[in-house]
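Trainee: Need the 3D shape of this:
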Amino acid sequence: MTHLTKRFKEIEKIFDGTKSYSVEEAVSIIKKVPVTKFDQTIDINIKLGVDPKQSDQMVRGTVMLPHGTGKKKIILVFCKGESVKFAREAGADYIGDLDLIEKISSGWLDFDVAISTPEMMREVGKLGKILGPRGLMPNPKTQTVTEDIKKAINDVKGGKVEFKMDKQANVHVGVGKLSFDEQKLIDNIKAVIEAIAHLKPASLKTKFIKSMYFSSTMGPGIKLDLAQLKIE
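Mentor: The predicted structure is shown next:
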């Protein structure tokens with residue numbers, strides 16, 4: 001406990017929790033926070049001004065992080081026939097059809113991303129209650145239901161991440177690791193902010209982005225200055 005208290009006192013010296021900062025300032029602060037024994041994940045947390053109960057105000061999408069996430073993603077592909085060869089060539093970790101569906105139905109979930117060919121979706125749809133709440137359900141909107149399996153796998157490996165707002169209208173996206181240099185984190189954060197800013201629902205008459213915080217796994221939440229970002 002003493003160690004934690006000491007750490008938080010050091011953090012308090014680095015930044016003012018009542019202020020808002022530019023992306024560049026926030027990254028500089030997070031890099032000065034006393035490090036832990038593991039390479040922490042860096043997240044951006046965005047509070048949206050939408051109504052989660054309105055289906056036309058649902059915010060979800062994908063973003064290509066210029067420098068990746070720093071984490072290897074385990075990719076599963078539901079496919080059969082010739083697509084199996086393409087999935088294997090692109091380096092999918094798990095490939096199958098009904099066998100994988102059965103395995104997941106039994107409680108197995110050791111993967112980060114699921115991709116499916118359109119022909120498999122009739123069967124994969126039966127896993128909706130298992131995959132849906134975990135954000136693992138393949139979806140045409142996020143290009144994870146596609147004929148082009150190879151491209152979908154390469155996109156994930158290249159730093160493409162999905163995001164979806166939760167029931168409280170919050171969006172959480174991992175933007176890298178603490179070990180990334182400052183410019184890489186800045187580039188990734190700005191890519192996420194831009195991607196979300198473009199998804200403002202047409203029916204929304206109020207402010208779209210209410211607040212935005214940047215943090216590491218064991219670090220403080222640093223408020224980003226929306227005025228500097230020139231977004232609403």
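Trainee: now the helices for the protein?
Mentor: With DSSP state H as the definition, the chain shows helices at residue ranges 2-14, 23-32, 83-90, 98-105, 121-124, 128-131, 149-157, 182-197, 226-229.
Trainee: quick one: contacts for the most centrally placed residue in the chain?
Mentor: In the chain, the C-alpha nearest the mean C-alpha coordinate belongs to residue 173, at 3.6 Å (C-alpha atoms, centre = their mean). By C-beta atoms under 8 Å, 6 or more residues apart in numbering, the residues touching residue 173 are 43, 44, 46, 63, 161, 163, 192. Bear in mind the C-beta positions are built from the backbone N, C-alpha and C, glycine included.
Trainee: Tell me the confidence at residue 78?
Mentor: As predicted, residue 78 sits at a pLDDT of 97.
Trainee: Now residue 131. Nearest residue, chain neighbours left out?
Mentor: residue 137 (4.1 Å; C-beta to C-beta, 6 or more residues apart in numbering).
Trainee: for residue 163, that is, sorry about that
Mentor: Closest residue to residue 163 apart from its sequence neighbours, by C-beta to C-beta, 6+ apart: residue 173 at 4.8 Å.
Trainee: And the one you found, how close does it get to residue 189?
Mentor: To residue 189, residue 173 is 9 Å away according to C-beta to C-beta, to the nearest Å.
Trainee: these two touch, right, residue 124 and residue 80?
Mentor: No - look at residue 124 against residue 80 with C-beta atoms under 8 Å: they stay out of range, at 11.8 Å.
Trainee: more crowded one of these two?
Mentor: Each of residue 124 and residue 80 has its neighbours counted (other C-beta atoms under 10 Å); residue 124 has more, 21 against 13.
Trainee: backbone phi and psi for residue 68, please?
Mentor: Main-chain dihedrals, residue 68, degrees, to the nearest 10: phi 70, psi -180.
Trainee: Quick check: the gap between it and residue 157.
Mentor: With C-beta to C-beta as the criterion, residue 68 and residue 157 are 8 Å apart.
Trainee: for residue 204, same thing?
Mentor: From residue 204 across to residue 157, the span is 34 Å (C-beta to C-beta).
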